[in-house]
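Enquirer: Next one to model:
(one chain, ligands or ions: 4)
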Amino acid sequence: MKLAKITVALAMFALSSQAIAENDVAIGHANSNASFLRCGTPTPSEKQMELRESHFEKMKGNAAKASGDTPGYARAIGSVTIDVYFHVITDTKGTGALTDTQINNQMNVLNRAYANTPFKFNLVTVSRTANDAWYTAGYGSTAETQMKTALRKGDATDLNFYTNNMGGGLLGWATFPSDYASKPLMDGVVVLVHSLPGGSAAPYNEGDTATHEVGHWLGLYHTFQGGCTGSGDFVTDTPAEKSAAYGCPTGRDSCPKGKGSTGLDPITNFMDYTDDSCMNEFSPGQALRADEQVKTYRGL
Ligand SMILES: [Ca+2]
Ligand SMILES: [Ca+2]
Ligand SMILES: [Ca+2]
Ligand SMILES: [Zn+2]
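Expert: Ligands and ions are numbered 1, 2, ... in the order given. Just a heads-up that it's a prediction; the model follows:
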């Protein structure tokens, strides 16, 4: 246990010493045909990606060995419990309020989505804050920094889950495990309040915006990352995809040939941009990558 912690600390130090700057372009892959933007999680540049991934390749074996696990295998299904600190932001009139039932329904969607992975999510506390600026806080804003600085709880192993109405049609954004060392207070996911199960953001109102953003928080990229060439999303069992898929385009094959392109586009994958009713799975390769990412960068 002690050894694992030290390894993680070293990993974080090594990463921050490479001075990996975050890409400040918040919104990529906008859907011109819809009133919502699936995700505002910054897409790293090729250069940042290379640095990040080579660091991860070096560290992940050590992280596995230090925790007594076999490198290359994900831990058992449901064996890693992640504590969740839920933060509901409303405006000063109370718009954006959520009932305990609505929050529990979201937690259930999350746990069902991750049922074939090592991860389980355990709601610890719910905070409720009325603040007009935070209610519309967007990615990279001063309001975001103030909100997270005031409300964030726990350490690298804990998921801080914020709901608000960020505007711009955006559904949510997240930070990656490898971001934690340089910006611990900003760590977490922010999700559009109307995307929770039964919310008004149809067809994105079955709770899978949270599933998707938590996927980033666990270290997963979009399935269309890198297009048809290169290493894509750094997961071998998700076929490469040229661009984000919207709606539920059954049979889509945007990368017909090339390395990593065998098979139809992974449109039902939670890390694509399809409708909530269309996305329903993580691949075993994603479960393994997420497991290695959180072991390496979160000490989970
Ligand atoms: Ca892939
Ligand atoms: Ca293909
Ligand atoms: Ca779904
Ligand atoms: Zn995303």
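Enquirer: Not counting its neighbours along the chain, what's nearest Tyr297?
Expert: For Tyr297, ignoring the flanking residues on the chain, the nearest one in space by Cβ to Cβ, 6 or more residues apart in numbering is Pro177 at 3.6 Å. Yep, even glycine has a C-beta here, placed from its N, CA and C like the rest.
Enquirer: I figured the one you found was touching Arg298, is that so?
Expert: Yes: Pro177 lies in contact with Arg298 (Cβ atoms under 8 Å); the separation is 5.2 Å.
Enquirer: and for those two, which residues touch both?
Expert: Residues touching both Pro177 and Arg298 (Cβ atoms under 8 Å, 6 or more residues apart in numbering): Ala156.
Enquirer: Contacts only, for the residue in the stretch 101-250 of the chain that ligand 2 sits nearest to.
Expert: Closest residue of the stretch 101-250 of the chain to ligand 2, Cβ to the ion: Pro239 (4.7 Å). Neighbouring residues of Pro239 by Cβ under 8 Å, 6+ apart: 255, 260-266.
Enquirer: neighbours around the residue nearest to Tyr297, how many?
Expert: Pro177 has 26 neighbouring residues, counting by other Cβ atoms under 10 Å.
Enquirer: what are the ranges of the helices in the stretch 151-300 of the chain?
Expert: In the stretch 151-300 of the chain, the helices defined using DSSP state H, counting those that start in this stretch lie at 208-217, 284-297.
Enquirer: Quickly compare those and say which is most buried.
Expert: Most buried of those by mean neighbour count (mean count of other Cβ atoms under 10 Å) is helix 208-217; its value is a mean of 26.
Enquirer: okay, the nearest residue to Gly96 once chain neighbours are set aside: pLDDT?
Expert: Nearest non-adjacent residue to Gly96, counting by Cβ to Cβ, 6+ apart: Thr90, 4.1 Å away. At Thr90, the model reports a pLDDT of 98.
Enquirer: what separates Thr90 from ligand 2, distance-wise?
Expert: To ligand 2, Thr90 is 44 Å away according to Cβ to the ion, to the nearest Å.
Enquirer: for Gly260, same thing?
Expert: 9 Å.
Enquirer: so who does that residue touch?
Expert: 231-232, 236, 239-240.
Enquirer: between those residues, which is closest to ligand 4?
Expert: Of all the contacts of Gly260, ligand 4 sits closest to Gly232, with 14.5 Å by Cβ to the ion.
Enquirer: how far away is the closest one from Gly140?
Expert: Separation of Gly232 from Gly140 (Cβ to Cβ, to the nearest Å): 26 Å.
Enquirer: Tell me which of these two has more neighbours.
Expert: Gly232 (23 against 15).
Enquirer: Pretty sure that one sits against Gln225.
Expert: Yes: the pair Gly232 / Gln225 is scored as a contact, 5.7 Å apart, by Cβ under 8 Å.
Enquirer: which parts of stretch 267-274 are buried?
Expert: Buried positions in stretch 267-274, judged by neighbour count with 16 or more other Cβ atoms under 10 Å: 267, 269-274.
Enquirer: contacts for it?
Expert: Residues from elsewhere that reach stretch 267-274 (Cβ under 8 Å, 6+ apart): 29, 31, 38-39, 113, 208, 211-212, 215, 220-224, 233, 238, 241, 244-250, 252, 265-266, 278-283, 286.
Enquirer: Look up how far ligand 1 lies from the residue in the stretch 51-200 of the chain that ligand 3 sits nearest to.
Expert: Nearest to ligand 3, among the residues of the stretch 51-200 of the chain, is Ala113, at 7.3 Å (Cβ to the ion). Counting by Cβ to the ion, the separation of Ala113 from ligand 1 is 19 Å.
Enquirer: pLDDT score assigned to that residue?
Expert: Looking at Ala113, its pLDDT is 98.
Enquirer: Please name the residues that touch it.
Expert: With Cβ under 8 Å, 6+ apart, Ala113 has these contacts: 208, 211, 270, 280, 282.
Enquirer: mind redoing it with 7 Å?
Expert: Counting by Cβ atoms under 7 Å, 6 or more residues apart in numbering, Ala113 touches 208, 211, 270.
Enquirer: Out of those residues, which is nearest to Tyr85?
Expert: Tyr85 lies nearest to Thr211 out of the contacts of Ala113, by Cβ to Cβ, at 17.8 Å.
Enquirer: So the closest residue to ligand 4 within the stretch 1-150 of the chain, which state does it fall into?
Expert: Nearest to ligand 4, among the residues of the stretch 1-150 of the chain, is Cys39, at 3.0 Å (Cβ to the ion). Here Cys39 is coil, with the state taken from DSSP: H, G, I helix; E, B strand; the rest coil.
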